[in-house]
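> could you work out the structure for the sequence below:
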Amino acid sequence: MQSHLEMRAEENCENGMDAQEARYAARRQFGNPTLALGIGVNTSIFTFINAILLRPLSVREPDRLVSVYHRNLKQGGLSSSSYPDFEYYRKNNSVFSGMLAYLRGGQDILISPPESPAERRKFQVDFNVISPDYFLTVGLAL
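Residues are numbered from 1 along each chain as shown. Here you go, the predicted model:
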């Protein structure tokens, strides 16, 4: 950026401006890169937060979604249900119009490239496991 400013200042000097005026004109023409960078970063952060936190969920009737947890009396706090518990709740449900389950997880895997099988590379793989009626329950068609 500095080299562009210097080139523009030289051009302005060749066109009859003194050096101080030429540098000022070049800076005015290119603007403040720090300000532009700050505006770009803030715009990106707001776009992310708006998409994830501020917009309503893209599911049918998001205000009717609830989360069900177990209360852990021994350790205090809440914990998620096991899949057998979820199946029991689903089969005996008389309150909710539908139920779903999901599990977020991650696993390290080692991959050996074909060109050097002895070399192993470690990757983190994140995943979600969902119940069969997940998309139907939230009103999303596949």
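> neighbours of the residue lying closest to Gly105 once chain neighbours are set aside, how many?
Nearest in space to Gly105, with sequence neighbours left out and distances taken as CB to CB, 6 or more residues apart in numbering, is Phe127 at 5.4 Å. For the C-beta atoms, the positions are set from N, CA and C on the backbone; glycine is no exception. Each residue near Phe127 was counted by other CB atoms under 10 Å, and the total is 9.
> am I right that Phe127 is in a strand?
Yes - assessed by DSSP: H, G, I helix; E, B strand; the rest coil, Phe127 belongs to a strand.
> start at 328 instead
Happy to do that; since the first residue is 328 now, the last one works out to Phe454.
> what about Tyr410, distance to Asn455?
The gap separating Tyr410 from Asn455 is 14 Å, by CB to CB, to the nearest Å.
> which residue ranges form the helices in the protein?
329-341, 346-357, 360-376, 410-418, 461-465 (DSSP state H).
> any idea of the pLDDT on the spatially most central residue of the chain?
Residue closest to the mean C-alpha point of the chain, counted by CA atoms, centre = their mean, is Phe375 at 6.4 Å. Phe375 is assigned a pLDDT of 78 by the prediction.
> how close does it sit to Arg431?
Taking CB to CB, one finds Phe375 at 19 Å from Arg431.
> equivalent analysis for Asn377, please.
Per CB to CB, Asn377 is found 23 Å from Arg431.
> per-domain residue ranges of the protein.
As given by automatic domain parsing, the domain ranges for the chain are 329-381, 389-465.
> more neighbours: which of Tyr410 and Asn455?
Shown here are Tyr410 and Asn455; by other CB under 10 Å, Tyr410 has more neighbours (12 against 9).
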